[in-house]
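> Okay, sequence plus prediction incoming.
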Amino acid sequence: MKSHRTLPALALLVCFLLNHLTAAEPDRAPEDPNLVWTPAQVVLVSQQVAPGVFAVFPDDSAVKNTGGVPSATSGGFVIGENGVLVVDTMLNRRLANQLLALIRAQTPKPILYVVNTSYHGDHSYGNQFFPAGVQIVQHVATQAYIQSHFAADVAFMMTYFGRNSGMDELKPQPAQIMLPDGANVIFDLGGKRVNVRHLGFAQTEGDLFVWLPGEKVLFTGNPVISISPSLPWLLDGKSEQSLATMRRLRALVTDDAIIVPGHGRPAGVEMIDYPIGYLAELRSQVRAAIDAKLTEAETATKLAESMKRYSGYKIFPWVHSQVNVPKTYQEMKATP
């Protein structure tokens, strides 16, 4: 699986974020201006979104998401009669322990499963801090990436989240349950049936979605970042596949579903509809630019203006103009 970590444009991310970070709360030290977000400052909270189903997200998500500023990682857990299933395990020991404490505040039942929605370190590094006997659930491509790229991935994460963020103790963890392409697996926790799905490429080859049809709750990981104005990050390109997967995802859930995104607080299905609309418009406008024989640079300049209604996302100049438009242009030029 190709890593997005080598993209030179990613180095510009921090510069955009530094100019748009929200002010620290009065009782909390300011975030480190050299980091994307500061792991040592993240405080996780939980919210029950359905009986026995809890979203976990940073306590500053409401302010950051509304302001178009990316926040730290979200996940959650499901409590059944027999035990608990956890969705994503955070970046390091400190945050994994916060997640574990939130679980233990609700139940003493054993943690049976952890589902990693992708290989991204802020969604999977915490695996090693969970109790022995927990079964880790991943897509086969996620496990392959972790086993072959772990040291480089940790080095990358240290660059953007700090060398003093507790990542020096991390080791690659095996997955006990590895799901193939197109997986559709039910985990019965006793009174709670959790559907784990692979619907295709969304942001990585191994994206998993966790759907509770009885409770109408969906955990998405990074394919859905947060409420608008956040946008998809097409770090590996493949806008056509990503759009198709997002449409399959929307068809999976009911209109009254609660969505727990990869980096924000829970909300409704508009959190899926918004990136679908963006991706469809992006592809349409890039196709028109190619048909008009515009260069890649000319297309990026044109779409920065023609799609500026999406510019409420504070990293719009980077994620749209330097990642999404060029990647989509290259993809569509290669497959006319």
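Alright, I've got the coordinates.

> element containing Ile272?
Secondary structure assignment for Ile272, by DSSP states H and E: helix 270-291.

> How about the contacts made by Val260?
Val49, Ala55, Phe57, Ser74, Gly75, Gly76, Val87, Val217, Leu218, Phe219, Thr220, Pro266 (C-beta atoms under 8 Å, 6 or more residues apart in numbering). Any C-beta I mention is one placed from the backbone N, CA and C, and that applies to glycine too.

> before we move on, back to that, show residues contacting the helix holding Ile272.
Helix 270-291 is contacted from outside by 220, 223-228, 230-232, 239-240, 242-243, 246-247, 249-250, 253, 259, 261, 298-299, 302-303, 306-307, 310, 324-325, 328-329, 332-333, 336, using C-beta under 8 Å, 6+ apart.

> I'd like the average pLDDT over it.
For helix 270-291, mean pLDDT rounds to 98.

> again with stretch 157-175
For stretch 157-175, mean pLDDT is 94.

> which residues of this protein fall in helices?
Using DSSP state H, the helices of the chain run over residues 13-18, 61-66, 93-104, 121-124, 140-161, 239-252, 270-291, 296-306, 316-318, 325-334.

> residues contacting the closest residue in space to Pro229 that isn't next to it in sequence?
Counting by C-beta to C-beta, 6 or more residues apart in numbering, Gly312 is the residue found nearest to Pro229 once chain neighbours are left out, at 3.4 Å. With contact set as C-beta under 8 Å, 6+ apart, Gly312 has these partners: Gly68, Ser228, Pro229.

> I'd like the residues you listed laid out as TSV, including pLDDT, neighbour count and distance to His139.
Output for these, formatted as TSV (pLDDT from 0 to 100; neighbours: other C-beta atoms under 10 Å; distance: C-beta to C-beta, whole Å):
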residue	pLDDT	neighbour count	distance to His139
Gly68	93	20	30
Ser228	96	20	27
Pro229	97	19	29
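
> Export those residues as TSV, with columns for distance to Tyr125.
Shown next, in TSV, are those (distance: C-beta to C-beta, whole Å):
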residue	distance to Tyr125
Gly68	26
Ser228	28
Pro229	28
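
> List the ones among those residues that fall in strands.
Taking DSSP state E as the definition of strands, the contacts of Gly312 contribute nothing to them.

> and of those residues, the nearest to Val43?
Minimum distance to Val43 across the contacts of Gly312 is 20.9 Å, recorded for Gly68 (C-beta to C-beta).

> From what I see, that closest one and Ser230 are in contact.
Yes. Applying C-beta atoms under 8 Å, one finds Gly68 in contact with Ser230, separated by 6.9 Å.

> Tell me how far the residue lying closest to Ile259 once chain neighbours are set aside lies from Ile136.
If the residues on either side of it in the chain are set aside, Ile259 comes closest to Met271, at 4.6 Å by C-beta to C-beta, 6+ apart. As defined by C-beta to C-beta, to the nearest Å, Met271 lies at a distance of 27 Å from Ile136.

> how close does the most centrally placed residue in the chain get to Pro261?
What sits nearest the mean C-alpha location of the chain, by C-alpha atoms, centre = their mean, is Asn222, with 1.8 Å. As defined by C-beta to C-beta, Asn222 lies at a distance of 8 Å from Pro261.

> Excluding residues flanking it in the chain, which one is nearest Arg28?
The shortest distance from Arg28 to any non-neighbouring residue, by C-beta to C-beta, 6+ apart, is to Gln41 (6.0 Å).

> give me the number of residues near the one you found?
Other residues lying near Gln41 total 17 when counted by other C-beta atoms under 10 Å.

> How about Thr220: what's its closest non-neighbour residue?
Distance criterion C-beta to C-beta, 6+ apart; nearest residue to Thr220, sequence neighbours excluded, is Pro261 at 5.5 Å.

> Can you tell me how far the residue nearest to Ile259 is from Asn222?
If you measure Met271 against Asn222 using C-beta to C-beta, the figure is 13 Å.
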